[in-house]
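one predicted model, sequence on top.
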Amino acid sequence: MRTRAAAEQGSLLAAYLEQLRVCRYSDSALRQAAHVLPRFFAHLKEQGVPELCAVSEAHLVCFLHHLKQECRLSWSSLHVFHRVLRGFFAFLEKRSLILRNPVAGIRLPRERRLPSGV
């Protein structure tokens, strides 16, 4: 049986995806959001975070660190997750569902690459 928090997250996900459709985001952006957000919600549940308004920068950093270290995601994939989370929390902030976007202060480092001639 789904909890109230899970039902709320599901309805917010549906509303966010609809907003992306209305704003004519690409199919790729919609698929990314539909993939990233449920994974993030599952992580919050594992961490014991009951509601989205309780999410802090520390929770997000923990999630991104988990993805990089334990799931071994590439830097480009990590940036996709970060971008989706930033957009979703901006959506929540714009609708006054949270007071502050906890992703706004998180910057991911760029991947260091050698010059192409090396």
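Looks like it came in fine.

surely residue 108 meets residue 81?
No. Assessed by Cβ atoms under 8 Å, residue 108 is found out of contact with residue 81, at 9.3 Å. Where you see a C-beta, it was placed from the backbone N, CA and C, and this is true even at glycine.

hey, what's in contact with both of these two?
Common contacts of residue 108 and residue 81 (Cβ atoms under 8 Å, 6 or more residues apart in numbering): residue 64.

so which of these two has more stuff around it?
Higher neighbour count among residue 108 and residue 81: residue 81, with 23 against 13, using other Cβ atoms under 10 Å.

now the more buried one. Nearest residue, chain neighbours left out?
Spatial nearest neighbour of residue 81, excluding adjacent residues (Cβ to Cβ, 6 or more residues apart in numbering): residue 36 at 5.2 Å.

phi and psi next, for the one you found.
phi -70, psi -50 (degrees, to the nearest 10).

tell me who's in contact with it.
80-81, 84-85.

now with 7 Å, please.
81, 84-85 (Cβ atoms under 7 Å, 6 or more residues apart in numbering).

in helices only, show me the residues you listed.
Using DSSP state H, the members of the contacts of residue 36 that fall within helices are 81, 84-85.

returning to that earlier point: got TSV for the contacts of residue 36, with distance to residue 44 and pLDDT too?
Formatted as TSV, the contacts of residue 36 follow (distance: Cβ to Cβ, whole Å; pLDDT from 0 to 100):
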residue	distance to residue 44	pLDDT
81	14	94
84	14	97
85	11	96
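
any idea how far the residue nearest to residue 81 lies from residue 94?
Note on residue 36: its distance to residue 94, by Cβ to Cβ, to the nearest Å, is 19 Å.
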